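In: With the input below, show me the fold.
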Amino acid sequence: MAGREKRASWRKAHWLLALACLLPPVAGAGELSLLQQIDAVREDGRFVPERALLRLQEVEAQARSAPLPVRTEFLTQLSNARMRLGQNDIAMQLAEEVIAYARQNHNDVALAKGMLSKAYITFAMNERRASHLLAFEAERIANRTDDLPVRVQATISAGQSWAEEGNFPFALAKLQAAVDLARQSNSPASLAPALNALTLLYTQMREYDKGFQVLDELLAVSATLDSPGRMAQAKNTEYGLALDAQQPQRGQRALLAALALERQLGAKGMVATTLVNLSDSYLKEGDYARTLRYANEAITAARLLSNEQVEATARLNIGQALIGQGRLQEGKQSVATGLAYYERTANQPDMQAVLLEYGMALEKAGDMRGAVTAYHRERGISNQLFEKQRQKAVYELQEKYEAEKKQRQIELLSRENQLKSTEIDNRRLQQRVWWLLALVLAMGSAIVGLLYRKVRHANVQLKVKNQELKRQSSRDPLTALYNRRHFQEFMRSQAGKPQQAYAGSDVVSALFLLDVDHFKHINDRHGHAAGDLVLTTIAETLHDVLRETDMIVRWGGEEFLAFLPAVARDGLDDIARRILDGVGAQVIEYQGQAIRVHVSVGFAPYPLAPLGQPLSWERSVNLIDMALYLAKSHGRNRAYGLRGFQHVERTTLEAVEQDLERAWRDGYVDLSVVLGATDGTGGAGTVAQGRQAGNSGGYGAAAVT
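Out: Below you'll find the predicted structure:
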């Protein structure tokens, strides 16, 4: 759980620790004493800002009246200390003072330092895009100077900005350039942050071998600096790389070493983060006692700093540890306390990861209903994020199309101008050389014909582009399946049209909702490229097992929906079995490894009419989604089908929607269960019918198999 805190702290470390890589500027003999005092504060400014602030305030009056290099260095360090203490308003005023002073004196070195300070503060205020633009501008200014430390710092910041925006090729080029510049400066204090940033980038890119190579040099360089803070920072970087490279023991050793160094230095903020990461490390090992110990220490450290994120993450780790010990209610209460922070900050990606881990912990503890609730909330967030990404892709495509359209219009206007010029020249030529009139007219006609054909060709291309845009807006770019938007428009277009009733007919429509089992584990173990290959393989399999007339939709991240317009009522279980067995039979080869996947399925005829009145397609999909969660919570690699309703007048449809399993138990709904061929039952999948109201006997995962 603390992995989120770890990665969040890394992103800020990319920026906030970059400020520390500046070396003191060259000063005259009269300035040396004051500059040495300011430089002596540098280590505290990086890691113990409260102590640095007190020491800087002692020399403030003298430093503000010093020459430009000393005054600039003082103001940037003072701004850095204020920012690290959470005093962003004061820090921003100091950065703006540096920028104004630098412009007044036409000094690019001071201006680059001020712009970088402003970039770090803006990033700390969660204005990421504005921070990136400031970093890019600071790099441009720094490159006009001969100051290598400032150029190294600015290049590191630009590289980290590109990494934050997901542009790894640009980020890699910048950070490699920063390392080269740092080597030219012969300064270990400049080389260490450059190597640290490059190691983190290789970790993000999953280039673990290269990451460990750079890490070895980083540890060696940090050892020469005689700086506990620098070495602690390098050890935290080693922890992140080892964790992602599936070397948890090495990561744990690095964390323990970092904690000792941080306590030696008195770096309270780093101590709090390392403690919560240690609690997460032991949680992953199942060592719940040490998890609770380090998580409680993290809460104590976080409260001293008013760090809500660290405290919330520690609460989540405590909750999972208590659940693992069988103390279910205590664990749920602790998790709820931690979740409140993520809900309040509206951090959807972190909230999604929290709910997924929470659901897995509850499922392992046997609380299937709680696990289903957590998974349902996680899926809702996943769908929202997926929809935002899809809309962004459509907007980018539309912008590209508009740009191409404008370019074609410019070219067409240019051709029209050429045509007008040609016509004018032709008139003059007719007046001067009358005996060439026929030839000139023929040439003019040929030119007009050529231009006309080109205009027609441009119109044809425009029509093709319009058709392509329409197709792309209705298709998922990865799987080429229809997307959710297309399905929604299709169902809206069917509203009001006569539909075949569910009761009393042998032919019905049907909806199937599929979700890939353990998809997050595939991404974590093999990478997102393997996950994409799994999704495209499942899409191809669905095309094979379903008919051409069936609509197949990529519903969400790892979720698919199929709408079958006309199928035999008694054939729905067979279709579910074909889907389960078809997907389960696939062996996906990726980088020399064989990956097998299964899916869980919910399905029902459409439309559903519990009281003779057909439900909307949205409510039908919601009921099918609940059936899918039953398949998830009862073992996965199986399908739950909603055949129909019984005695619904004794309850409410809302009650059925809220707890489908209870409605099944009470006999209000009729479910069928189809097990996948590789479910462990041996041989082909089997079907179990849901019991009717009034029958005796158990049900659930054990009974239906």
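
In: and residue 145, what are its phi and psi?
Out: phi -110, psi 170 (degrees, to the nearest 10).

In: My guess is it contacts residue 108. True?
Out: Yes - shown here, residue 145 and residue 108 form a contact pair, counting by Cβ atoms under 8 Å, at 4.9 Å. Where C-beta positions appear, they are placed from N, C-alpha and C, glycine not excepted.

In: From the centroid of the chain, which residue is nearest?
Out: Nearest to the mean C-alpha position of the chain, counting by Cα atoms, centre = their mean, stands residue 349 at 6.1 Å.

In: element containing it?
Out: helix 348-365 (DSSP states H and E).

In: now swap in residue 508 and tell me
Out: Residue-wise, residue 508 maps onto strand 507-516 under DSSP H and E.

In: what about that strand, average pLDDT?
Out: Taken as a whole, strand 507-516 carries a mean pLDDT of 95.

In: so how far is that strand from its chain's centroid?
Out: 29 Å (Cα atoms, centre = their mean, to the nearest Å).

In: Quick check: buried residues in it?
Out: Buried residues in strand 507-516, defined by neighbour count with 16 or more other Cβ atoms under 10 Å: 508, 509, 510, 511, 512, 513, 514, 515, 516.

In: Export the residues you listed to JSON lines and append columns for distance to residue 183.
Out: Shown next, in JSON lines, are the buried residues of strand 507-516 (distance: Cβ to Cβ, whole Å):
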{"residue": "508", "distance to residue 183": "71"}
{"residue": "509", "distance to residue 183": "68"}
{"residue": "510", "distance to residue 183": "65"}
{"residue": "511", "distance to residue 183": "62"}
{"residue": "512", "distance to residue 183": "59"}
{"residue": "513", "distance to residue 183": "56"}
{"residue": "514", "distance to residue 183": "53"}
{"residue": "515", "distance to residue 183": "50"}
{"residue": "516", "distance to residue 183": "46"}
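
In: right, and the pair among the residues you listed with maximum separation?
Out: Spatially, the most separated pair among those is 508 and 516, at 26.7 Å (Cβ to Cβ).

In: And the residue nearest to the centre of the chain, how close does it get to residue 262?
Out: As judged by Cβ to Cβ, to the nearest Å, residue 349 and residue 262 stand 28 Å apart.

In: out of the buried residues of strand 507-516, who's nearest residue 171?
Out: Taking these together and measuring to residue 171 by Cβ to Cβ, the closest member is residue 516, at 30.5 Å.

In: any idea how far that closest one lies from residue 559?
Out: Counting by Cβ to Cβ - residue 516 and residue 559 are separated by 8 Å.

In: I'd like to know how many residues surround residue 663.
Out: With neighbours defined by other Cβ atoms under 10 Å, the count for residue 663 comes to 23.

In: Not counting its neighbours along the chain, what's nearest it?
Out: Excluding its sequence neighbours, the residue lying closest to residue 663 (Cβ to Cβ, 6 or more residues apart in numbering) is residue 656, at 4.3 Å.

In: my read: that neighbour touches residue 648, true?
Out: Yes - with contact defined as Cβ under 8 Å, residue 656 reaches residue 648; the gap is 7.2 Å.

In: Name the residues contacting each of these two.
Out: Taking Cβ atoms under 8 Å, 6 or more residues apart in numbering as the criterion, residue 656 and residue 648 both touch 610, 668.

In: And those two? Which one has more around it.
Out: Using other Cβ under 10 Å as the criterion, residue 656 and residue 648 rank with residue 656 on top: 21 against 16.

In: tally of neighbours for residue 244?
Out: 18.

In: ok, and the closest non-adjacent residue to it?
Out: Residue 244 sits nearest to residue 203 (Cβ to Cβ, 6+ apart), 5.5 Å away.

In: Now do the same contact list for that neighbour.
Out: Neighbour list for residue 203: 211, 237, 240, 241, 244 [criterion: Cβ under 8 Å, 6+ apart].

In: I'd like the distance between the fourth one and residue 123.
Out: In this view, residue 241 and residue 123 are 22 Å apart by Cβ to Cβ.

In: what do you get for residue 523?
Out: Distance of residue 523 to residue 123, computed by Cβ to Cβ: 27 Å.

In: Now name the helix or strand holding residue 643.
Out: Per DSSP H and E, residue 643 falls inside strand 638-645.
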